[in-house]
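Chemist: Structural data only, the sequence is not supplied:
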C-alpha cells in the first residue's frame, strides 16, 4: 500500500473525472449525439480501467509496471460493484440495474478471479509450465468477447441505425474525451509530484477503459439493447489503443534508455536521499543499492542530473540481509543511456573517489615459471583494477634498467584511460596474456613527476 496515492488517483480518474466529463457531454444531445449514443458514451465513462493494455503501454514507456498492474487490477475489482451502482444513479431507466444484475456481473467477473486465486496453490505450477499455451487461451477469450460484441451489433443492425455523420460525430467526441483524460492524468500527476514512472502508470491506467469488462456488464445492464450501447465503448477501445501506442513510444524516446549493470559491493553502504556519482571512462549517474559498487558511469555531476542521482535505495543495505562488502548486486541506472555501462567503473559517494590515469605503486613480479617476464621502462602491461581492465606503461625508478621475476620495486604507471583509484588499492597485471604480478597503489599522481602542466 505504499503507492496508495497512485491507486486513489487512478480510481478518481476512472470513476469520478470520467463520469463528470460524460455528464458534461449531455449538452451535445441532440445537436451532436443522439440519446442512444449518449447513453453508450456515458456508460463508457463508467467502465473500469483496462489491465493488460495499461501494463503493456506502461512497460513500453518504461514506467512503473508494478503500479500499473496493481492499479488496473484494483480498478477492475472495484468496478464490478461501482460501475453498476453508477449506472443505476446516472443512467436511470437506461440501465437495467437490479440486485439480480449485480449478482450476474459478480458471477461473470469476480467469481472466476477469486477461483483462480484460491486454486493457485494447486494449479500454479501447471499454469507456469504451460504459460505460453495458456496465453493463447487468455487472448483468445478476449477475442471471442470482442467478436461476440461486433456480431451482436451486426445482428441488431446498429450500423444501419447510425448515419455516417452521427458516427463521425461520435468519433470526434470520443477523441476529445480521450485527449482530455490523457491531459488531465499526465499534467495532473506531474503537478501532484509523482515521479516519472508513476506518472506514466497513472496516464495509461487512468485514461483507458476495459472492453473485456464493459461488454459483459453492458449485456447484463442493457439486455437486448446492448448492441448500440456498447458501440461507443468499442470505438473508444480501438482509438485508445492506437493513440496510446504512439504516446508510449514518445515517452520511451523522451528520456535516455536506462542501463542495467551487475556489480560487486566494495565498501560502505547507502541511505535514502544520499547522492552518488559514477566514476570512470563513460556513463552517468544512477541509483545504487550499495555505495562504491563497480557499475557503469562517468563522473558527471551537473545540475541537470543532481536530483536524479539521489540514491533511492533501501535506508540501509544491511537491512535487506545484503552484505555490503563482496555481495553481488544488480543495479538499474535510471536515466543512463544504453551502452554507457562499462565494466570496471565505480559508483560512489560524491567526492569520495576520483578517476586517475597516473599513479605510483609497489609491485612484485611472480616467478618466471608462473608467467612473469622482465619489465623495463616503457614496457606495456595489462592492469586489472577491481573489474576494470586497461593497458598501461611502466616507468622504473631512476637507475634501474630492468625488473626481473620475483623482484619488487616502486614504479610509476601511466594508464591509457582513467579508472577509479585510491591509495592502498590493490591491482594485478599481466604480460602477453599471462599473469605477471600484483601491486598496491601508494600515491595518486595527476602527471608524471617532473613534467609541467
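Modeler: Yes, it's here. Keep in mind that what you see is a predicted model, and the values were worked out from it rather than measured.

Chemist: Which residue comes closest to residue 3 once chain neighbours are left out?
Modeler: In space, residue 3 comes closest to residue 67 once its chain neighbours are excluded; the distance is 5.3 Å by C-beta to C-beta, 6 or more residues apart in numbering. In short, each C-beta sits where N, CA and C put it, glycine included.

Chemist: residues near the one you found, how many?
Modeler: The criterion is other C-beta atoms under 10 Å. On that basis, residue 67 has 24 neighbouring residues.

Chemist: Distance of it relative to residue 79?
Modeler: Counting by C-beta to C-beta, to the nearest Å, the gap from residue 67 to residue 79 is 18 Å.

Chemist: Likewise for residue 120?
Modeler: Residue 120 is 22 Å from residue 79, by C-beta to C-beta.

Chemist: got it, and residue 185?
Modeler: 17 Å.

Chemist: Flag every buried residue along the longest helix seen in the chain.
Modeler: With secondary structure taken from DSSP state H, the chain has its longest helix at helix 164-191. Buried residues in helix 164-191, defined by neighbour count with 16 or more other C-beta atoms under 10 Å: 169-170, 173-174, 177-178, 181-182, 184-186, 188-189.

Chemist: Most widely separated two among those residues?
Modeler: Using C-beta to C-beta, these span at most 30.6 Å, a distance reached by 169 and 189.

Chemist: follow-up on the earlier one: out of the buried residues of helix 164-191, who's nearest residue 30?
Modeler: Nearest to residue 30 among these, counting by C-beta to C-beta, is residue 169 at 11.0 Å.

Chemist: That closest one: what's it in contact with?
Modeler: With contact taken as C-beta atoms under 8 Å, 6 or more residues apart in numbering, residue 169 is in contact with 32, 33.

Chemist: So for it, what's the pLDDT?
Modeler: At residue 169 the predicted local distance difference test score is 94.

Chemist: part of a helix, is residue 399?
Modeler: No. When the secondary structure is assigned by DSSP: H, G, I helix; E, B strand; the rest coil, residue 399 falls in coil instead of a helix.

Chemist: residues touching it, list them.
Modeler: Not one residue lies near residue 399 by C-beta under 8 Å, 6+ apart.

Chemist: Begin at 2, not 1, for the rest of this chat.
Modeler: Sure, I'll start counting at 2 from here, so that last one is residue 400.

Chemist: Residue ranges in the stretch 352-454 of the chain under the pLDDT threshold?
Modeler: Residues of the stretch 352-454 of the chain meeting the criterion pLDDT under 70: 447-454.

Chemist: The same query, at a cut-off of 90, please.
Modeler: Per-residue confidence for the stretch 352-454 of the chain (pLDDT under 90) gives these ranges: 352-358, 367-375, 379-380, 386-390, 399-402, 405-408, 417-427, 432-437, 446-454.

Chemist: Could you pull out the helices in it for me?
Modeler: For the stretch 352-454 of the chain, no helices turn up when DSSP state H, counting those that start in this stretch is the criterion.

Chemist: tally of neighbours for residue 427?
Modeler: Counted with other C-beta under 10 Å, the burial measure for residue 427 works out to 12 neighbours.

Chemist: Touching, it and residue 439? I think so.
Modeler: Yes. At 6.8 Å, residue 427 and residue 439 qualify as touching, with contact defined as C-beta atoms under 8 Å.

Chemist: what's the weakest-modelled helix or strand in the protein?
Modeler: Taking mean pLDDT, DSSP states H and E as the measure, the helices and strands of the chain show their lowest mean at helix 304-307, namely a mean of 31.

Chemist: before we move on, back to that, give me the next element, helix or strand, following the longest helix of the chain.
Modeler: Scanning forward in sequence from helix 165-192, with DSSP states H and E defining helices and strands, the next element found is helix 197-207.

Chemist: Mind listing residues that contact that next one?
Modeler: By C-beta under 8 Å, 6+ apart, the residues outside helix 197-207 that reach it are 4, 7, 10-11, 14-15, 50, 54-55, 58-59, 62-66, 68-69, 72-73, 76, 182-183, 186-187, 189-191, 195, 245, 248-249, 252, 256.

Chemist: Tell me the spacing between residue 149 and residue 30.
Modeler: Distance, residue 149 to residue 30, using C-beta to C-beta: 29 Å.

Chemist: nope, residue 424 is what I meant
Modeler: Applying C-beta to C-beta, the value for residue 424 to residue 30 is 79 Å.
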